[in-house]
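1. Sequence unavailable; structure follows:
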């Protein structure tokens, strides 16, 4: 499955980059330097490296649980080969799309740098929520709430947190990655949105 391949490549690259600062700088998104060097590779490569083991574990742990949901759904709809390629393309596009707003906003900020798979992982998470809105998502393996409840809270928090210049977390990538996940899957399977709201309505009525 492509999810395991993504986890493997991300883990390997991240661990190697932990030991090699020059590789970390080369692959990380540094909008100021990248724009002047016309180096667009970091828009993608930055999604496969992480700041530390905790950062790597959290993203890969989330992808481990939610990646197969989206991947299996695409394979079910489009077959093993096309579905798998669609999933891989979706993940790679999610890395780029979630990084573009950050790149544009910080291209004149020399000290800014960003890395990590959070934007793509958010896209995968929200795609799985669109498919199964009633499934519970556990925060820190402690607090578990239905996905459709978490989704708006996550978007609001990410949007507000992205305005804080003191934050070292790229909340902007979380927000745009999540939105892209909904849009991408919604375009491929338009029937998902009516089904999404129908399931939520039935859940609320049953309470």
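-> That came through, no problem. All figures in this text were calculated on a predicted structure; none of them were measured in a lab.

2. Poorly predicted segments of this structure, please.
-> For the chain, applying pLDDT under 70 flags the ranges 139-141, 164-169.

3. Let me see the ranges of the strands in this protein.
-> For the chain, the strands defined by DSSP state E occupy 136-139, 143-146.

4. can I get the ones you listed in a markdown table with distance to residue 96 and mean neighbour count?
-> The way it works is simple: take the backbone N, C-alpha and C, and place the C-beta from them, glycine included. Below are these laid out as a markdown table (distance: least, CB to CB, whole Å; neighbours: other CB atoms under 10 Å):
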| stretch | distance to residue 96 | mean neighbour count |
| --- | --- | --- |
| strand 136-139 | 25 | 14 |
| strand 143-146 | 30 | 12 |
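
5. so can I have TSV of these showing distance to residue 28?
-> Output for the strands of the chain, formatted as TSV (distance: least, CB to CB, whole Å):
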stretch	distance to residue 28
strand 136-139	27
strand 143-146	32
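
6. and the gap between residue 61 and residue 20?
-> Distance, residue 61 to residue 20, by CB to CB, to the nearest Å: 24 Å.

7. ok, the nearest residue to residue 86 once chain neighbours are set aside - contacts?
-> Closest residue in space to residue 86, ignoring its immediate chain neighbours: residue 74 at 4.9 Å, by CB to CB, 6 or more residues apart in numbering. Shown in contact with residue 74 (CB atoms under 8 Å, 6 or more residues apart in numbering): 83-84, 86-87, 90, 188.

8. hmm, try it at 10 Å
-> Residues counted as contacts of residue 74 (CB atoms under 10 Å, 6 or more residues apart in numbering) are 2, 80, 82-90, 127, 131, 185, 188-189.

9. How about residue 106?
-> Neighbouring residues of residue 106 by CB under 10 Å, 6+ apart: 29-32, 34-35, 112-114, 170, 172.

10. now those in TSV, with distance to residue 198?
-> Shown next, in TSV, are those (distance: CB to CB, whole Å):
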residue	distance to residue 198
29	39
30	45
31	42
32	47
34	44
35	45
112	43
113	43
114	38
170	34
172	32
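
11. Got a PyMOL select line for the buried ones in these?
-> The PyMOL selection below is limited to those of these classed as buried (16 or more other CB atoms under 10 Å):
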select buried, resi 29+30+31+32+34+112+113+114+170+172
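
12. Closest to residue 54 out of the contacts of residue 106?
-> Comparing these against residue 54 with CB to CB places residue 170 closest, at 15.5 Å.

13. and the nearest residue to the closest one once chain neighbours are set aside, bridged to which residues?
-> In space, and not counting its chain neighbours, residue 170 is closest to residue 114: 4.8 Å by CB to CB, 6+ apart. With DSSP bridges as the criterion, residue 114 is bridged to residue 29.

14. thought residue 114 was touching residue 100?
-> No. Residue 114 is beyond contact range of residue 100, at 11.6 Å (criterion: CB atoms under 10 Å).

15. How about the contacts made by residue 38?
-> Under the criterion of CB under 10 Å, 6+ apart, residue 38 has no neighbours.

16. State the distance from it to residue 114.
-> 18 Å.

17. Report the contact partners of the residue nearest to residue 102 when sequence neighbours are not counted.
-> Spatial nearest neighbour of residue 102, chain neighbours left out: residue 172 (5.2 Å); criterion: CB to CB, 6+ apart. Residue 172 makes contact with 98-102, 105-106, 114, 119, 158-159, 161-163, according to CB under 10 Å, 6+ apart.
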